[in-house]
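> What follows is a predicted protein model with its sequence.
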Amino acid sequence: MVEAFSDPIWRKPQAATAFQCELSADGVLDAVIVGGGIMGLSTALHAARAGLSVQV
């Protein structure tokens, strides 16, 4: 095996990235959608149209 491929990058330890996000004013949500792609936005749209409180 070639040495360059013997140590995959996903096996190397990574430092956790700090992430902060502001929630809605009251902090109570029915659904939190992680991802703003077509599926995430479509899911958020349908949930909001159904009357749910949604955060993307």
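Received, thanks. Numbers count the residues shown, from 1 in each chain.
> how deep is Ala44 tucked in, by neighbour count?
Counted by other Cβ atoms under 10 Å, the residues lying close to Ala44 total 19. Every residue, glycine included, has its C-beta placed from N, CA and C.
> Surely it is within a helix?
Yes. Under DSSP: H, G, I helix; E, B strand; the rest coil, Ala44 sits within a helix.
> ok, so what distance separates the most centrally placed residue in the chain from Pro13?
In the chain, the residue lying closest to the centroid (Cα atoms, centre = their mean) is Val34, at 3.0 Å. Val34 sits 24 Å away from Pro13, going by Cβ to Cβ, to the nearest Å.
> now Gly51
Gly51 sits 44 Å away from Pro13, going by Cβ to Cβ.
> Give me the more crowded residue out of the two.
Gly51 (7 against 4).
> Provide the backbone phi and psi angles at the more buried one.
Main-chain torsions, Gly51, degrees, to the nearest 10: phi 100, psi 10.
> so how far is stretch 17-32 from its chain's centroid?
For stretch 17-32, the separation from the chain centroid amounts to 12 Å (computed by Cα atoms, centre = their mean, to the nearest Å).
> oh, and call the first residue 26 from now on, that's how I've got it
New numbering, starting at 26: the last item is stretch 42-57.
> end-to-end on that stretch?
20 Å (Cα to Cα, to the nearest Å).
> Touching that stretch from outside, list them.
Contacts to stretch 42-57, defined as Cβ atoms under 8 Å, 6 or more residues apart in numbering, come from residues Thr68, Ala69, Ala72, Leu77, Ser78, Val79, Gln80.
> State the distance from the fifth one to Pro38.
Here the criterion is Cβ to Cβ. By it, Ser78 lies 38 Å from Pro38.
> hey, where'd the strands end up in the protein?
Here the chain has its strands, by DSSP state E, at 56-57, 79-80.
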